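Asker: Only the shape, not the letters, is given here:
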């Protein structure tokens, strides 16, 4: 029989070399894949880690902390949502802090405003008791004046409290402005006569749609303010849905104008209160506008009764 033989050692060696090559290639691919996976993992988790750091800093009181948005994917949307939430919380906290400060200032100013007339009343009472004052009529007028001042302040504060509580919504109905102005002037006739003030009226016919009680309170504050500071003349006009109240009590400085409608602002004459601030809030509740300007060596208050 015929027997053949062949040396296959080269084939085996070639096979072994190929196997070693495959192993090396597999390991290289495995290492590259691992590196890519680690890189992708770091790329994906890095924004989340940074967002977690932002969250920790925010919860520790750093309310201006914001996430950096670098993409438009889900992570980017999550960062934008965090920023919106952080902005809303920061604005709310700032508003609460401002409200707390305003309440503290309000209480301090209110106490100061009450203290002044109370000290005046106590002073007159002590002088009467000691016999220093013999003109009881004048002392009585001063005590009544200071008492009325306290009463007006308390009335305005209570009214303001009712408005801010939200329990006093607008109850609008047609109001004839000319009649409203005349009704407000009627109880002021005594003080107008005592001070020899000249009051000029130019009131056209016309109605506005407003809350009668609130509007009367606002306009009464404006007219009373003019009566208080007028030297000799007051002019009140109602034309084209604009109520103008002028008095010749002298012009105001730019500084006083910038704070004129603020609560308890002390002007150059040393007086303060919340009457004008309350009037402005009532007017703006109606969607109208209240402004002031220097005019003819006096002050003109204008209430524009349309949007």
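Answerer: Good, I have the coordinates. None of the values given here were measured: they were computed from a predicted structure.

Asker: Every contact and neighbour count from this point should use C-alpha atoms.
Answerer: OK.

Asker: just the helices in this protein please.
Answerer: 9-59, 74-130, 136-164, 177-185, 189-194, 212-229, 254-258, 275-285 (DSSP state H).

Asker: deepest of the ones you listed, which one?
Answerer: Ranked by mean neighbour count under mean count of other CA atoms under 10 Å, the helices of the chain are led by helix 275-285, which reaches a mean of 21.

Asker: List the contacts of that one.
Answerer: 156, 160, 170, 214-215, 217-219, 221-222, 260-263, 289-290, 303 (CA atoms under 8 Å, 6 or more residues apart in numbering).

Asker: Turn the helices of the chain into a markdown table, columns for distance to residue 244.
Answerer: A markdown table is the format used below for those (distance: least, CA to CA, whole Å):
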| stretch | distance to residue 244 |
| --- | --- |
| helix 9-59 | 51 |
| helix 74-130 | 29 |
| helix 136-164 | 22 |
| helix 177-185 | 11 |
| helix 189-194 | 18 |
| helix 212-229 | 10 |
| helix 254-258 | 17 |
| helix 275-285 | 14 |
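
Asker: Select, out of those helices, the one closest to residue 237.
Answerer: With CA to CA as the measure, helix 177-185 is the member of the helices of the chain nearest residue 237 (8.9 Å).

Asker: and the angle from the closest one to helix 212-229?
Answerer: 60 degrees (axes from the mean of the first three to the mean of the last three CA atoms, to 10 degrees).

Asker: average model confidence for helix 177-185?
Answerer: In this model, helix 177-185 carries a mean pLDDT of 92.

Asker: mind checking how far that helix is from the chain centre?
Answerer: 32 Å (CA atoms, centre = their mean, to the nearest Å).

Asker: Stretch 71-89 too?
Answerer: The answer for stretch 71-89 is 27 Å, by CA atoms, centre = their mean.

Asker: now the stretch 101-250 of the chain, which segments are flagged as low pLDDT?
Answerer: Residue ranges of the stretch 101-250 of the chain with pLDDT under 70: 102, 105-106, 108-110, 112-113, 116, 164-168.

Asker: that older thread, so which of the helices of the chain comes closest to residue 66?
Answerer: helix 74-130 (5.6 Å).

Asker: So which elements touch that closest one?
Answerer: helix 9-59, helix 136-164 (3 or more CA pairs under 8 Å, 6 or more residues apart in numbering; DSSP states H and E).

Asker: need these in JSON lines with distance to residue 248, can you?
Answerer: Converted to JSON lines, these look like this (distance: least, CA to CA, whole Å):
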{"stretch": "helix 9-59", "distance to residue 248": "56"}
{"stretch": "helix 136-164", "distance to residue 248": "22"}
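
Asker: Of those, which is nearest residue 76?
Answerer: Taking the helices and strands packed on helix 74-130 one by one with CA to CA, helix 9-59 is closest: 8.5 Å.

Asker: average pLDDT for the closest one?
Answerer: Taken as a whole, helix 9-59 has an average pLDDT of 82.

Asker: coming back round to it: could you point out which of the helices and strands packed on helix 74-130 sits nearest residue 204?
Answerer: Closest among the helices and strands packed on helix 74-130, using CA to CA: helix 136-164, at 29.3 Å.

Asker: which residues does residue 133 contact?
Answerer: 124, 127, 139.

Asker: mind running it again at 6 Å?
Answerer: By CA atoms under 6 Å, 6 or more residues apart in numbering, the contact set of residue 133 is residue 127.

Asker: backbone phi and psi for it, please?
Answerer: phi -100, psi 130 (degrees, to the nearest 10).

Asker: separation between it and residue 48?
Answerer: Separation of residue 133 from residue 48 (CA to CA, to the nearest Å): 80 Å.

Asker: and if you look at residue 284?
Answerer: 47 Å.

Asker: Kindly report the same for residue 217.
Answerer: 57 Å.

Asker: what does residue 208 give?
Answerer: Applying CA to CA to residue 208 and residue 48 gives a distance of 59 Å.

Asker: Excluding residues flanking it in the chain, which one is nearest residue 177?
Answerer: By the measure of CA to CA, 6 or more residues apart in numbering, the closest residue to residue 177 outside its immediate chain neighbours is residue 207, 6.1 Å from it.
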